[in-house]
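S.K.: below are the sequence and a predicted model for it; my questions follow.
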Amino acid sequence: MIPVCHLADLPAGESVRIDTAPPIAVFNADGQLYAIDDTCTHQDASLADGWLEGCLVECPLHAASFDLRTGAPTCLPARRAVRTHPVTVEDGMIYVHHVAEEGTAA
Amino acid sequence: MKSVAVIGASLAGLYAARALRAEGFDGRLVIVGDEHHRPYDRPPLSKDFLTGTTGQDQLALADAEETAELDAEWLLGTRATGLDTAAGAVLLDHGRPLTADGVVLATGATPRRLPGPAPAGTHTLRTLDDARALRADLTRGPVRVVVIGAGFIGAEVASSCAALGHDVTVVEAAPLPLLPQLGDEMARICTALHADHGVTLLTGTGVAALHGAGADPRVTSVELSDGRRLPADVVVVGIGVRPHTDWLASSALPLDDGVVCDAGCVTALPNVVAVGDVARVAGVRAEHWTSATEQATVAARNLLAGRTVATHRALPYFWSDQYGVRIQFAGRRGPDDTPRILEGSPDDRSFLACYEREGRTTAVLALNRPRPFMRHRRDLARATQPATT
Ligand SMILES: Cc1cc2nc3c(=O)[nH]c(=O)nc-3n(C[C@H](O)[C@H](O)[C@H](O)COP(=O)(O)OP(=O)(O)OC[C@H]3O[C@@H](n4cnc5c(N)ncnc54)[C@H](O)[C@@H]3O)c2cc1C
Ligand code: FES
């Protein structure tokens, strides 16, 4: 369980990258929190830098889009899903429950 | 339309083939490519592939499953040699002419070469085979590399060579590289990246000759037009590309630094469209990854419709990775537009700038600022084309 930040510090529409290995991006999509692997499966862009719209994030480099709920890409050039990780909030603090590398999307 | 031939089996050709299927085309689809490889991505060739951090299998633009889904006939290692518009056929360097109701021209571009002999150790970089040959010359211990041309690809190659520990000099004929793309002030900042990383940049001088030694001459030095000689073990020529249109010279299609098309990628013939680096779309020939993919969608729709029902008006965009700095640019910059830094600092090689003309933003540029760049790029796209989504 990895502490991310205070819920108050991640308002709706915002994202934050945490320096796990590999890094994880946490999003507040209109009040819903999601965590996915931060590195785009197409090349090396950081999805925390992407454009959040609803529960989709668009990669800042070549505009692949991922569904935060499943990690699945919704358009090219990405063709593989990013892993998703469960997120919880306890006492106003956001935690990511890191899914092991081998695991499939949670 | 019962059959379509896609000529050029790379980014634009593959994306056009996909778009045709996505638009419901279920006829015969033939993809002709003169390279032996299945479509692969070129941008990494000067970046992570050259430094060895990306392998060949990571370059593939489609996996086996996606290729099967496309349900296309692939004629790889086959060159198109002409377009017989009267007969509705593409002539091939071997085998019978390929007849098709519709044709997608996606033959891309090919590097310009220096006049005169090119001794061994001299490279251009466009294809996977080019990149492999260059990489082979860069993995035999430290060498002296001279890169001719300081455009984006030249700069990326210089950066990758420096990262591999080679001694790198870049020679540029213009007084300031990247001036046409970025304007004076921003070109200066981007060009300074070379010196930041110990790479020598010589500007305002052309190349007179490449000298070699030995029976099977290997390059030993580069002679500049001002008489200087630079010792060199490896030379990379990155002086731009020209569109691959030679094979269309005897066709009826108008050519002008590319295949002339309307804003919907449709040529003078409604059943022939052109996409990617080979296409001059509404007067502009882009040499960028993103426009190649976007044009493919537009062209496929128009080809199937038999006329221009969609146009490509997306904001031009490109990126370049050099010396650990990600450069991103979007928009249509006029020569007199003035850049203004909105955040960050050029000294840190991390900033966002917008170009302005009469108080309006025309383009945005970022170095290592992907997030605000994305926001500004979207704002700009909305402001410049409110009618499209
Ligand atoms: C090293 C490198 C780095 C790059 N980096 C970037 C970058 O960072 N950002 C960016 O935006 N863009 C970049 N680009 C540009 C981008 O890769 C091109 O815009 C893109 O490849 C264009 O795709 P295309 O399919 O139109 O042409 P191409 O990729 O050139 O493909 C054309 C294909 O057609 C084949 N062909 C040609 N003639 C014939 C014929 N007569 N018959 C059959 N086949 C034929 C060619 O062999 C080739 O396989 C880079 C390009 C290179 C080479
Ligand atoms: S790196 Fe994300 S789409 Fe290319």
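M.R.: Nice, I can see it. Numbering: from 1, shown residues only, chains lettered A, B, ... in the order given. Ligands and ions are numbered 1, 2, ... in the order given.

S.K.: what comes up buried for the helix or strand B:Leu29 falls within?
M.R.: Using DSSP states H and E, B:Leu29 sits in strand B:28-33. Neighbour counts using 16 or more other CB atoms under 10 Å in any protein chain shown place B:Arg28, B:Leu29, B:Val30, B:Ile31, B:Val32, B:Gly33 of strand B:28-33 among the buried residues. The way it works is simple: take the backbone N, C-alpha and C, and place the C-beta from them, glycine included.

S.K.: same question for stretch B:247-262.
M.R.: Those would be B:Trp247, B:Leu248, B:Ser251, B:Leu253, B:Leu255, B:Gly258, B:Val259, B:Val260, B:Cys261, B:Asp262, for stretch B:247-262 by 16+ other CB under 10 Å.

S.K.: about what we covered before: what does the strand holding B:Leu29 contact?
M.R.: Applying CB atoms under 8 Å, 6 or more residues apart in numbering or on different chains, the contact partners of strand B:28-33 are B:2-10, B:13-14, B:17, B:20-21, B:39, B:70-80, B:90, B:92, B:98, B:100.

S.K.: the residue lying farthest from the centre of chain B and chain A, how far apart?
M.R.: What lies farthest from the middle of chain B is B:Ala215; by CA atoms, centre = their mean that is 35.3 Å. With distances taken as CB to the nearest CB, to the nearest Å, B:Ala215 is found 43 Å from chain A.

S.K.: just the contacts of strand B:28-33 that are near ligand 1?
M.R.: Within the set of those, contact with ligand 1 (CB under 6 Å from any ligand atom) is found for B:Ile7, B:Gly8, B:Ala9, B:Ser10, B:Gly13, B:Arg79, B:Ala80.

S.K.: and for the third one, the neighbour number?
M.R.: Just to be clear, that refers to B:Ala9. 29 (other CB atoms under 10 Å in any protein chain shown).

S.K.: which positions in chain B make contact with ligand 1?
M.R.: Near ligand 1, when you scan chain B using CB under 6 Å from any ligand atom, you find B:7-13, B:32-35, B:42-43, B:45-46, B:79-80, B:106-109, B:125-126, B:153, B:244, B:247, B:276-278, B:287-290, B:292, B:318-320.

S.K.: write a ChimeraX command that selects only the buried members of these.
M.R.: One line in ChimeraX is enough to select the buried members of the residues of chain B next to ligand 1, burial here meaning 16+ other CB under 10 Å:
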select /B:7,8,9,10,11,12,13,32,33,34,35,42,43,45,46,79,80,106,107,108,109,125,126,153,244,247,276,277,278,287,288,289,290,292,318,319,320
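
S.K.: can you narrow the residues of chain B next to ligand 1 to ones near ligand 2?
M.R.: Within the residues of chain B next to ligand 1, nothing lies near ligand 2 by CB under 6 Å from any ligand atom.

S.K.: residue farthest from the centroid of chain A?
M.R.: A:Asp91 (21.5 Å).

S.K.: what is the mean pLDDT for stretch B:255-274?
M.R.: Regarding stretch B:255-274, the rounded mean pLDDT is 98.

S.K.: try stretch B:216-234
M.R.: Rounded mean pLDDT across stretch B:216-234 is 96.

S.K.: so how far is that stretch off the chain centroid?
M.R.: 27 Å (CA atoms, centre = their mean, to the nearest Å).

S.K.: same deal with stretch B:28-47?
M.R.: Stretch B:28-47 sits 13 Å away from the centroid of its parent chain (CA atoms, centre = their mean).

S.K.: state the mean pLDDT of that stretch.
M.R.: Taken as a whole, stretch B:28-47 has an average pLDDT of 98.

S.K.: what about it, start to end distance?
M.R.: 37 Å (CA to CA, to the nearest Å).

S.K.: specify the beta-bridge partners of the spatially most central residue of chain A.
M.R.: Compute the mean C-alpha point of chain A, and by CA atoms, centre = their mean the closest residue is A:Ile36, 3.1 Å away. Beta bridges link A:Ile36 to A:Ala25, A:Thr84, judged by DSSP bridges.

S.K.: quick one: contacts for it?
M.R.: Going by CB under 8 Å, 6+ apart, the list of residues near A:Ile36 reads A:Ile24, A:Ala25, A:Phe27, A:Leu47, A:Val57, A:Phe66, A:Leu68, A:Gly71, A:Val82, A:Arg83, A:Thr84, A:His85.

S.K.: can you pull out the low-pLDDT segments for chain A?
M.R.: A:101-106 (pLDDT under 70).

S.K.: near ligand 2, which residues of it are found?
M.R.: By the rule CB under 6 Å from any ligand atom, the part of chain A lying against ligand 2 is A:Cys40, A:His42, A:Gln43, A:Ala45, A:Cys59, A:Leu61, A:His62, A:Ala64, A:Pro77, A:Ala78.

S.K.: take these and keep only those in helices.
M.R.: Using DSSP state H, the subset of these located in helices is empty.

S.K.: which of these come close to chain B?
M.R.: Filtering the residues of chain A next to ligand 2 for proximity to chain B (criterion: CB under 8 Å from any CB of the partner chain) leaves A:Gln43, A:Ala45, A:Leu61, A:His62, A:Pro77.

S.K.: dump the residue contacts of the closest residue to the last one other than its chain neighbours.
M.R.: In space, and not counting its chain neighbours, A:Pro77 is closest to A:His42: 4.8 Å by CB to CB, 6 or more residues apart in numbering or on different chains. Applying CB under 8 Å, 6+ apart, we find A:His42 in contact with A:Cys59, A:Leu61, A:His62, A:Ala64, A:Pro77, A:Ala78, A:Arg79.

S.K.: out of these, the closest to B:Thr361 would be?
M.R.: Nearest to B:Thr361 out of those is A:Leu61 (CB to CB; 21.4 Å).

S.K.: can you count the residues close to the closest one?
M.R.: 26.

S.K.: now do the same for B:Ala192: helix, strand or coil?
M.R.: helix (DSSP: H, G, I helix; E, B strand; the rest coil).
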